[in-house]
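# Fold the stuff below for me.
(one chain, ligands or ions: 1)
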Amino acid sequence: MNSRRLEGSVSVNKVDFAIIGGTGAFIGARTGEKLNNREKVEISTKYGKVILEIIEVGGTRVALLKRHGLNHSIPPHRINYRANIMALKMLGVKRILATAAVGSLNREFKPGDLVLLSDFIDFTWGRDITFFDEPGQEVIHVDMTNPYCLFLRSKLIDAAQDTGISLVSKGATYVCTQGPRFETPAEILIYKHLGADLVGMTSVPEVVLAREAEICYATAAIVTNYAAGISDNPLTHQEVLERMTMSSAKIYTLFSKAIKITDNNKLCSCQTAVSGQESLGG
Ligand code: HPA
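Got it, this is the predicted structure:
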């Protein structure tokens, strides 16, 4: 047994794929898709309890996790990211397709656009950011050269082409803020100078924990607004929700296709991100 591997399993049949939905979590009545065989599952992890659904997407069983909770009652800084990713790991999930609402700092990314994230800058604080910090546990440093899985990103690009969905995939850097408030114009100006294109509150540490759990992870972000100071108007949560809702069906179609065309037996370096490392210990 490799002590770096995260342990645990559940008595639910294995699920290879997961979808993590954010604000306006997209799957449900709004998508117009009839979801058959929805199964609610409660998973107890060492970090806490997680409730998710197993749904059928084009004949494949997929775990659907709403990161803000079933009633959108968990703010970004209070999401139990470790429990969520651990629950998916325990289900046997190998690949996660995530979506998230983002504001745009770069006029090349417009409200309504679906954008594939390629990099992030982390301005969060006080969140539990690793699985590897227990007393006596080996220190692990995972590689973040490509924080969002290249293989899964290529599948999303293929899926967009196949379905005719417009997906901006030239590369976009996401800055993760602590929230739950929106940013000030001065903060947005700083983030823009640092190289951020998009801003949101939830991708970190979710993407990092997925890598530590050796799960491929990619995000198709939905641009809901221009960020503070770039937009002429004050930001409202309502506009974010409305844009997310408008993009729900597109995201569902994109993710369904990506799941369909992905060969799940194909290995990816994300899946050995920890176990493939040389031991730092003596
Ligand atoms: N800032 C932070 N998070 C967001 C935004 C924003 O402007 N829009 C959607 N999520």
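# how about the residue in the chain positioned nearest to the ligand, secondary structure?
In the chain, the residue found nearest to the ligand is Gly103; the distance is 2.3 Å by CB to the nearest ligand atom. Glycine gets a C-beta too; all of them are placed from N, C-alpha and C. Using DSSP: H, G, I helix; E, B strand; the rest coil, the three-state assignment for Gly103 comes out as strand.
# Show the contacting residues for the nearest residue to it once chain neighbours are set aside.
Nearest residue to Gly103, sequence neighbours excluded (CB to CB, 6 or more residues apart in numbering): Ala227, at 3.8 Å. Contacts of Ala227 were listed using CB atoms under 8 Å, 6 or more residues apart in numbering, and they are 103-105, 182-183, 188, 199, 235.
# Residue numbers of the protein in contact with the ligand?
Residues of the chain that fall close to the ligand, judged by CB under 6 Å from any ligand atom: 101-103, 177, 182-183, 199-201, 224-225, 227, 235, 240.
# which of those residues lies closest to Ile251?
For these, the closest approach to Ile251 (CB to CB) belongs to Ala101, at 11.1 Å.
# give me the number of residues near that closest one?
Neighbouring residues of Ala101 were enumerated by other CB atoms under 10 Å; the total is 24.
# got it, and Ile157?
Counted by other CB under 10 Å, the residues lying close to Ile157 total 14.
# That one contacts Leu114, doesn't it?
No. Shown here, Ile157 and Leu114 do not form a contact pair, counting by CB atoms under 8 Å, at 11.3 Å.
# Tell me the residues that contact both of the two, please.
When CB under 8 Å, 6+ apart defines a contact, the residues bordering Ile157 and Leu114 alike are Leu167.
# just to revisit the earlier point, ok, now which ones touch the residue of the chain closest to the ligand?
182-183, 188, 198-200, 223-228, 230-231, 235.
# Recalculate using a threshold of 7 Å.
Remark: with contacts taken as CB atoms under 7 Å, 6 or more residues apart in numbering, Gly103 is in contact with 198-199, 224-227.
# Buried ones among the residues you listed?
Among those, those that count as buried by neighbour count (16 or more other CB atoms under 10 Å) are 198-199, 224-227.
# now the helices for the protein?
Taking DSSP state H as the test, the helices found in the chain are 81-91, 150-163, 185-194, 203-212, 237-261.
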